[in-house]
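**Q** No sequence on hand, only this structure:
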């Protein structure tokens, strides 16, 4: 039996290559839709490329957009690895950004070095709490976690709208939003630096936090006993329980970590970009974006880091498509197609049968 | 007293108005989940139906052709989900997530191509789903007004409860229903008895898309009268929640949807009063659901093979 791996074998086995192929197919399908609508593909995709790479300003925009996606993606990826499907990242994100906003406004006089960590802490705690309640409901009363997460997403959404209306934090002007968080709470880069490198006005160091979290999560999943236990529960609950791992506690821990990450994602978005919470009429969809990012990044922390930047670039540049009268929704079609082909990536495995050499053994 | 009866009538009206989109979708979700396939793409399939139904009704000026096409558009995406999950062994969550991006993206893009806007043009009165029992009741008396509020509703409201009966009958009184439920519990056993698990699942997932499409079409063709990007925001997920709430039974899902419809109705009625914050009132359905689950429903029996791809033994 010869074990020589041909190129086709590599293509058939590598998840990374499957993802790349899925992305290529996504853009092809997007192009087909553009052609059907009579829009120039070169114009549209040219705009996408240009609005990502043409200047340091654009690149920094993509990174700023991508930062919260990375962290929410990490949250979902962590949940995937530990056998819980955190469809509730949306709500945890909202809770996190709200907590950071409240702290950032009410304690605005504190110096940055204390205030920013305090905001992060509040956000992580709020997100974790939102996740843990779901786990508690599941453990105590057997309430299906997917159901309660969907409920909690909407509860968080309306709660945030409600709190944003409180006189203590509401905007004095006519805007349906809170006040801006204190300058001390913002994670923006120094104005001189932004000017010198011609970065976008919201350029911030949140990306460093995202990278740090990526490394921490990788470390927890791959190198610690805790990660091993959580993965074991995700892999096979009964076996883990038999091996002496408390399944209930593991679910709580996994949801707490996942929720804290989503909450942190919310604070990074708030302290870096928005600066305040607006009263929305529908969910912003960061949680669902997080699911996509986790999937494109094959639930690997470093994969998620790249996928988050990719998704950030796509959302930022997608917004520029109006310039060439192309609908921004083509981005959704591309993303949907990419995810769909990642779902059916087993078909890429079929390329191994293209080989000329006869198959060894029967199947 | 009269005012109270009147309010009650309005709440019942609103409940029956907002329940059908959720309930159609929930019935669909029952098919898919019970046969063993998680369908998280309900939201996208509803969007497809909401858009297609509205557009077809706009051009043909016939609400029923539009309504049917809404269902078919949903079924198309249902088939896509079935192809991926049943035939190609895809992870069901991933495929569903993909559809939630694809379907609304395609719908809004087509809207832009047709109407040069993300919204479709509003339906003319004749192209909307018709109101039944309009003018049947004498509104000069309190009781008459109450009856009018309760019974004068869109045809889809009546249709959806008939659909519940039909689905219940299929589930529990036909051979197909038994086989379908068996596929969700123990597909291997089904296979040994000569039941084609893959075909049944494929069919059920497609049907789930069809019902989701009908639900979407209800939303745009009866309630809002035009398709907008925010026509379907979360109803698909609420439908899934209602199914879990109803322990994967059509009649249970109906109760779940009625609860949501009722809370939405309450919100509409109380929302005008300005006594309580509208945001807090909006929160009611979600909080109430969790509380009802804790107090009365408890653990939901998920079909044993739910979410697990079935690989045909060679």
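**A** Cool, the structure landed. All values reported here derive from a predicted model rather than from experimental measurement.
**Q** Closest residue of the stretch 1-150 of chain A to chain B?
**A** Minimum separation of the stretch 1-150 of chain A from chain B (C-beta to the nearest C-beta) falls at residue A:142, amounting to 3.2 Å. The C-beta positions use only the backbone N, C-alpha and C, and glycine is treated the same way.
**Q** mind checking pLDDT for that residue?
**A** The pLDDT attached to residue A:142 in the predicted structure is 84.
**Q** And for residue B:239?
**A** For residue B:239, the model assigns a pLDDT of 93.
**Q** Check the gap between it and chain A for me.
**A** As judged by C-beta to the nearest C-beta, to the nearest Å, residue B:239 and chain A stand 10 Å apart.
**Q** for residue B:26, same thing?
**A** As for residue B:26, its distance to chain A is 12 Å (criterion: C-beta to the nearest C-beta).
**Q** tally of neighbours for that residue?
**A** As a burial measure, the neighbour count of residue B:26 was computed by other C-beta atoms under 10 Å in any protein chain shown and equals 36.
**Q** Can the helix-or-strand element of chain A with minimal mean pLDDT be said to contact chain B?
**A** Considering only helices and strands, the least confidently modelled element of chain A by mean pLDDT, DSSP states H and E is helix A:7-13, at a mean of 79. No. Applying C-beta under 8 Å from any C-beta of the partner chain, one finds helix A:7-13 separated from chain B by no less than 14.9 Å.
**Q** Summarise which helices and strands that helix is packed against.
**A** Other helices and strands packing on helix A:7-13, by 3 or more C-beta pairs under 8 Å, 6 or more residues apart in numbering or on different chains; DSSP states H and E, are helix A:15-36.
**Q** What are the contacting residues of the helix or strand just after the helix it packs on?
**A** As assigned by DSSP states H and E, the chain's next helix or strand after helix A:15-36 is helix A:41-53. Contacts of helix A:41-53 with the rest of the structure, by C-beta atoms under 8 Å, 6 or more residues apart in numbering or on different chains, involve A:27, A:31, A:34-35, A:58-59, A:62, A:313-314, A:316-318, A:320-321, A:323-324, A:326, A:330.
**Q** pLDDT at residue 113, what is it?
**A** By default, I'm working from chain A. As summarised for this prediction, residue A:113 has a pLDDT of 93.
**Q** I was after chain B.
**A** 89.
**Q** Work out for me the element it sits within.
**A** The secondary structure element spanning residue B:113 is helix B:92-115 (assigned by DSSP H and E).
**Q** Residue A:331 too?
**A** Taking DSSP H and E as the definition, one finds residue A:331 inside helix A:329-343.
**Q** picking up where we left off before, work out the gap between the helix or strand just after the helix holding residue B:113 and the centre of the chain.
**A** Note on helix B:92-115: by DSSP H and E, the next helix or strand toward the C-terminus is helix B:142-151. Using C-alpha atoms, centre = their mean, to the nearest Å, we find the averaged C-alpha position of helix B:142-151 to lie 27 Å away from the chain's own average C-alpha position.
**Q** Check stretch A:283-291 too.
**A** Between the mean C-alpha location of stretch A:283-291 and the chain-wide mean there is a distance of 7 Å, by C-alpha atoms, centre = their mean.
**Q** Show residues contacting that stretch.
**A** Under the contact criterion C-beta under 8 Å, 6+ apart, stretch A:283-291 has outside partners A:68-69, A:72-73, A:75-76, A:87-94, A:153-154, A:157, A:262, A:265-266, A:269, A:311, A:315, B:97, B:100, B:233-234.
**Q** Mark which of the contacts of helix A:41-53 are part of helices, please.
**A** Using DSSP state H, A:27, A:31, A:34-35, A:58-59, A:62, A:313-314, A:316-318, A:330 are the members of these that sit in helices.
**Q** So which residues on the stretch 151-300 of chain B come close to chain A?
**A** Counting by C-beta under 8 Å from any C-beta, the stretch 151-300 of chain B comes close to chain A at B:230, B:233-234, B:237-238, B:240-241, B:244-245, B:277, B:279-280, B:282-283, B:285-287, B:289-290, B:293-294, B:298-300.
**Q** if you set the cut-off to 6 Å instead, what comes out?
**A** For the stretch 151-300 of chain B, the residues found near chain A under the criterion C-beta under 6 Å from any C-beta of the partner chain are B:230, B:233, B:237, B:241, B:244, B:277, B:279-280, B:282-283, B:286, B:289-290, B:293-294, B:298-300.
**Q** quick one: which of these sit in strands?
**A** When those are checked against strands using DSSP state E, none is located there.
**Q** Derive a ChimeraX selection command for the buried subset of these.
**A** Here is the ChimeraX command that selects the buried residues among these (16 or more other C-beta atoms under 10 Å in any protein chain shown):
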select /B:233,237,241,244,279,282,283,286,289,290,293,300
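**Q** where does the closest residue to residue B:283 other than its chain neighbours land on pLDDT?
**A** On the basis of C-beta to C-beta, 6 or more residues apart in numbering or on different chains, the spatially nearest residue to residue B:283 that is not a chain neighbour turns out to be residue A:158, at 4.2 Å. At residue A:158 the predicted local confidence, pLDDT, stands at 92.
**Q** quick revisit: could I get the phi/psi values of the residue of the stretch 1-150 of chain A closest to chain B?
**A** Main-chain torsions, residue A:142, degrees, to the nearest 10: phi 70, psi 20.
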